[in-house]
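> Okay, structure incoming, though there's no sequence with it:
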RNA sequence: CGCGGGGUGGAGCAGUCCGGUAGCUCGUUGGGCUCAUAACCCAAAGGCCGAGGGUUCGAAUCCCUCCCCCGCAACCA
């Protein structure tokens, strides 16, 4: 049965480099995508760079460049990082591209006709000095309720939800000069009218991670306000409506539509019917960090509901907790961060992927420490897995003339293998990647144990038939491990797949006796423990 | 009473929703092996699962109270 699988990972914001925190939230998407492809489902794994919005415009002004230049620069950097890490996007685009813009405009045009979109005059905060309209969060002042410092959207001290015009002494958060207000009209989406639909929607998906349910419920209970879908900005997508020529579509009302626009591109390229992706035989995953939850469980569904009935609301929300770095919160301004572009060239991409999943912030915050990273690489990836592959294949190469010996398949091992495809697959489907990886590595350890117990280096001289059986079974174990591990560590898997000529489909594999293998090479180089100190020093120096 | 996350052997984590002998990796100690990248295998030590109370035949897990840690201006998943 071929399912249509949509996997959308969050769109990184194109005003700064990616760090390991971003990676922790996005990597699960690639694992899931690779798994479903191996299962032979139709996978639409899409994402892109989020290019519009005020922060990009501000940064552009600071650097004396155009917003387009800034966002294109980071877009290119993101593409390179994802590429080097093996992200298998079927389409990774950007919100400033024609394919996205025309899709969004068409989507909005249809949406404006519905009863949930209305026009309203509101006071628009404006900074004369910066000569720009300010979005709510860029206005700071005193809270009218408690008198403490507050932003234009909310007071963090007393928690009251605000509009910028309520603030006392409103200032521009960029230049700290006084804010003026101009009356302006905007299109609003009546999210408050979707309270029932959204509540039902969340309640129908209690399998989501508990942070997704908690954030969504809180948002529904407290923050379900109508939101403007247009803004007084220069940088963004033109509003497809007369009288809105000087305005742009607000960023959150278009970037989440990127999943739709990019998957449409993919469908067109493949000659598939786009509507089938949104039909019954489909499953849709949205993968991101916990701060992105409301955008995917509230905003995106609201836009879909307002647009019409052809869309399917999200099925699975794979929302990560946060990653700390050496025990401290990651901070880009203090440069307490590990930048993806820096590590992709220093370490094996599989090491990074392995560690980010094995130690990923799946259900709670976890810590990235260089000590643990080196440990995980040397101990688990290299010591357990790499070594098992190497000792087996080297044995074949040396003592069986590079040809897989004929042997009897051990029934216990066969059973373990077929069970693994079932259980690991099930775990990946529900987003329990840590558990899945752990389960596979349990089998890796079993392999080493089996090798040791059978002592082929001795039976080679005493009982050649038994020796051949052992090695034959070890090769079968490897062949299946390679497929099971491919979603997680695709680079090394692909190497071994070539040595043993294995097809990458999610089913039990066997390598026939007599298959000739090339001289096996080392999969993972050992990392010197001193890199821990080097990396820590690098981190301290720059922060 | 601001919000949220967390406190499990030396370190990093799982288990907590759906109570039933406390689990994994690393580290430590002792042993084995020598095919393999000083890799691998076996064994042992090490925990009153933050504290107190409650429910229960039985609680890391459910309920109540308390303590401590982390994040919550902005950048930021």
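The structure has been received and is ready for your questions. Since the model is a prediction, treat every value here as computed from it, not as a measurement. Numbering: from 1, shown residues only, chains lettered A, B, ... in the order given.

> And whichever residue of the stretch 1-150 of chain A sits closest to RNA strand B, how far from residue A:415?
The minimum distance from the stretch 1-150 of chain A to RNA strand B, using Cβ to the nearest atom of the strand, falls at residue A:21 (2.6 Å). For the C-beta atoms, the positions are set from N, CA and C on the backbone; glycine is no exception. Per Cβ to Cβ, to the nearest Å, residue A:21 is found 41 Å from residue A:415.

> Tell me, please, the helix or strand in chain A that averages the lowest pLDDT.
In chain A, no helix or strand scores lower on mean pLDDT, DSSP states H and E than strand A:149-151, which sits at a mean of 72.

> I'd guessed residue A:104 sits against residue A:257; true?
Yes. Counting by Cβ atoms under 8 Å, residue A:104 does reach residue A:257; the two are 5.3 Å apart.

> related to what we said a few turns ago, which secondary structure state does the residue of the stretch 1-150 of chain A closest to RNA strand B sit in?
helix (DSSP: H, G, I helix; E, B strand; the rest coil).

> how near is it to residue A:445?
30 Å.

> So which of the two has more stuff around it?
Under the neighbour definition other Cβ atoms under 10 Å, residue A:21 and residue A:445 were set side by side, and residue A:21 has more, 22 against 13.

> that older thread, what does the pLDDT read for the residue of the stretch 1-150 of chain A closest to RNA strand B?
Predicted confidence (pLDDT) for residue A:21: 92.

> give me every residue that touches the closest residue to RNA strand B within chain A.
Nearest residue of chain A to RNA strand B (Cβ to the nearest atom of the strand) works out as residue A:289 at 1.9 Å. Contact analysis of residue A:289 by Cβ atoms under 8 Å, 6 or more residues apart in numbering lists A:10, A:21, A:22, A:24, A:25, A:319, A:320, A:321, A:322.

> ok, of those, which come out buried?
Among those, those buried by neighbour count (16 or more other Cβ atoms under 10 Å) are A:10, A:21, A:22, A:24, A:25, A:319, A:320, A:321, A:322.

> OK, contacts around the second one?
It refers to residue A:21. A:289, A:322, A:323, A:325, A:330, A:337.

> Look up which residues are beta-bridged to the residue nearest to the last one when sequence neighbours are not counted.
This points to residue A:337. Leaving out its chain neighbours, the residue that sits closest to residue A:337 by Cβ to Cβ, 6 or more residues apart in numbering is residue A:19, at 4.2 Å. Beta-bridge partners recorded for residue A:19 (DSSP bridges): residue A:339.

> Residue A:19: neighbour count?
Neighbours of residue A:19 (other Cβ under 10 Å): 23.

> Identify the residues contacting it.
A:330, A:332, A:337, A:338, A:339, A:340.

> residue contacts, residue A:373?
Per Cβ under 8 Å, 6+ apart, neighbours of residue A:373: A:351, A:355.

> Could you look up the SS state of it?
Classification of residue A:373 by three-state DSSP places it in helix.

> likewise residue A:207?
When classified by three-state DSSP, residue A:207 comes out as coil.

> okay but it is in contact with residue A:430, surely?
Yes. Distance between residue A:207 and residue A:430: 6.8 Å, which falls inside the contact criterion (Cβ under 8 Å).

> who touches both of these two?
Taking Cβ under 8 Å, 6+ apart as the criterion, residue A:207 and residue A:430 both touch residue A:316.

> low-confidence ranges in the stretch 101-250 of chain A?
For the stretch 101-250 of chain A, the stretches with pLDDT under 70 are A:145-148, A:154-161, A:223.

> Output the set of residues of it in proximity to RNA strand B.
Counting by Cβ under 7 Å from any atom of the strand, the residues of the stretch 101-250 of chain A close to RNA strand B are A:137, A:140, A:149, A:151, A:156, A:159, A:173, A:210, A:211, A:214, A:218.

> In helices, which of those appear?
A:210, A:211, A:214, A:218 (DSSP state H).

> Could you dump the contacts of residue A:289 into a markdown table with secondary structure added?
Shown next, in a markdown table, are the contacts of residue A:289 (three-state DSSP):
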| residue | secondary structure |
| --- | --- |
| A:10 | coil |
| A:21 | helix |
| A:22 | helix |
| A:24 | helix |
| A:25 | helix |
| A:319 | strand |
| A:320 | strand |
| A:321 | coil |
| A:322 | coil |
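
> quick one: the strands in the stretch 101-250 of chain A?
Counting by DSSP state E, counting those that start in this stretch, one finds strands in the stretch 101-250 of chain A at the ranges A:117-127, A:132-133, A:139-142, A:149-151, A:168-172, A:179-189, A:227-228, A:230-231, A:248-249.

> can you redo those as TSV with mean neighbour count?
Shown next, in TSV, are those (neighbours: other Cβ atoms under 10 Å):
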stretch	mean neighbour count
strand A:117-127	16
strand A:132-133	20
strand A:139-142	21
strand A:149-151	19
strand A:168-172	16
strand A:179-189	17
strand A:227-228	20
strand A:230-231	22
strand A:248-249	24
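
> Can you lay out these as JSON lines showing distance to residue A:307?
Supplementary listing: the strands of the stretch 101-250 of chain A in JSON lines, determined by distance: least, Cβ to Cβ, whole Å:
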{"stretch": "strand A:117-127", "distance to residue A:307": "10"}
{"stretch": "strand A:132-133", "distance to residue A:307": "26"}
{"stretch": "strand A:139-142", "distance to residue A:307": "30"}
{"stretch": "strand A:149-151", "distance to residue A:307": "30"}
{"stretch": "strand A:168-172", "distance to residue A:307": "34"}
{"stretch": "strand A:179-189", "distance to residue A:307": "10"}
{"stretch": "strand A:227-228", "distance to residue A:307": "15"}
{"stretch": "strand A:230-231", "distance to residue A:307": "16"}
{"stretch": "strand A:248-249", "distance to residue A:307": "13"}
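
> how many neighbours does residue A:531 have?
Residue A:531: 16 neighbours (other Cβ under 10 Å).

> That one reaches residue A:371, doesn't it?
No. Counting by Cβ under 8 Å, residue A:531 sits too far from residue A:371 to count as a contact (10.1 Å).

> can you list the domains in chain A?
Per automatic domain parsing, the domain ranges recorded for chain A read A:4-109+A:253-326, A:116-231, A:349-500.

> for these, which one sits closest to residue A:524?
With Cβ to Cβ as the measure, domain A:349-500 is the member of the domains of chain A nearest residue A:524 (4.3 Å).
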